[in-house]
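K.L.:
Just need the structure, nothing else, for what follows:
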Amino acid sequence: MGFLGLFGIKSAPSTKELREMLPSLHSFVDVAVRNGPKGSVCFENAGIKTFVTSVLPGMSPGQQVSFNYSNTGGKYRFSAAIKAVDDKQATFEMPGKIETVQKFGGSRKRTTVRIDTTVTIQWRYGSTGKIESEWQKGVLSDISRTGSSLATDRIIKTGNILELKIPLSQDGTPIVVRADARRVDKIENTSKYNVGLAFHPLKPEAERAVIDFINRRQVDLRNRGLG
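P.N.:
Alright, predicted model coming up:
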C-alpha cells in the first residue's frame, strides 16, 4: 500500500491502467452524444493521446460523448470530446479518467453487441476451386460483427465454411461474408438446425453495414420501449 493508501486516498490510475480499461479493439460500445444521438460504435484504434471509433450519424467536432461498455476486466464508462470526424471515423481525445462500474472476477467471452432480431438470408457451402453449391434459404439471428446464429433445414457439420448473402442495408443490398460453423444443434420438435457461426474478418464495407444495421435496430427497439 502506498503513502496515500494509508489515508484511504486512491492514487490516479497510470496511463497503462487507463489503456487496459479501454474497450477491446473492434468491440461495440454504447455511446450518447450530449444533446445529440445515441447508439453503438465500433472501437477501432487507440493511440497515446487519441482513440478512433466508427461514426454515429450526428457526431461533430467539439461534442462530448459518454461511453458505456464492458471488456474482459469489467464494466466501465467515461466521457470524451470529439476531435475530428469524417465519413467513416470519429477521433476522440483520450479520457483522463475512466470510471469502473463493475469488476469481473472471471473471464468474459463476449464483448460485442449482438441484436436479437431475425433476417432471412441465402447461404451455401464455401466454394472449393470452381465447385460451388446452390444457394439455400436460412434465417440469421443474434447478429454481431463477429458472428451470428443460422437456422436452416439442411444438415451442416461443425467446421464447414459457409458463404452468406445478408441483406442488412435499408435498400436490401446484401453483403457477402464467409463464416465457420462452430456449433450445430437440432431444434427440438422441428426438422431445423441452429448453427453458431463465427464470421471471417469482414471487409470495411461489410463491417459498416453490420454496425449501421445494429444501430438502426437499437433505435427501433428504444422507440418501441424494448431497448
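K.L.:
quick one, helices of this structure?
P.N.:
15-21, 204-223 (DSSP state H).
K.L.:
Which stretch among those helices approaches Thr120 most closely?
P.N.:
helix 204-223 (13.7 Å; CB to CB). From N, CA and C alone the C-beta is placed, and that goes for glycine too.
K.L.:
Can you give the distance of the closest one from its chain's centre?
P.N.:
10 Å (CA atoms, centre = their mean, to the nearest Å).
K.L.:
what helices or strands is that helix leaning on?
P.N.:
Applying 3 or more CB pairs under 8 Å, 6 or more residues apart in numbering; DSSP states H and E, we find helix 204-223 packed against strand 38-46, strand 174-186.
K.L.:
Would you format those as JSON lines with mean pLDDT, mean neighbour count and distance to Thr117 included?
P.N.:
Below are the helices and strands packed on helix 204-223 laid out as JSON lines (pLDDT from 0 to 100; neighbours: other CB atoms under 10 Å; distance: least, CB to CB, whole Å):
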{"stretch": "strand 38-46", "mean pLDDT": "86", "mean neighbour count": "20", "distance to Thr117": "14"}
{"stretch": "strand 174-186", "mean pLDDT": "93", "mean neighbour count": "16", "distance to Thr117": "16"}
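K.L.:
Need these in TSV (columns: distance to Lys103).
P.N.:
Listed next are the helices and strands packed on helix 204-223 as TSV, based on distance: least, CB to CB, whole Å:
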stretch	distance to Lys103
strand 38-46	20
strand 174-186	29
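K.L.:
Gly159 is nearest to which of the ones you listed?
P.N.:
Closest to Gly159 of the helices and strands packed on helix 204-223, according to CB to CB: strand 174-186, at 6.4 Å.
K.L.:
What is the distance between the closest one and the centre of its chain?
P.N.:
From the chain centre to the centre of strand 174-186 is a distance of 17 Å (CA atoms, centre = their mean).
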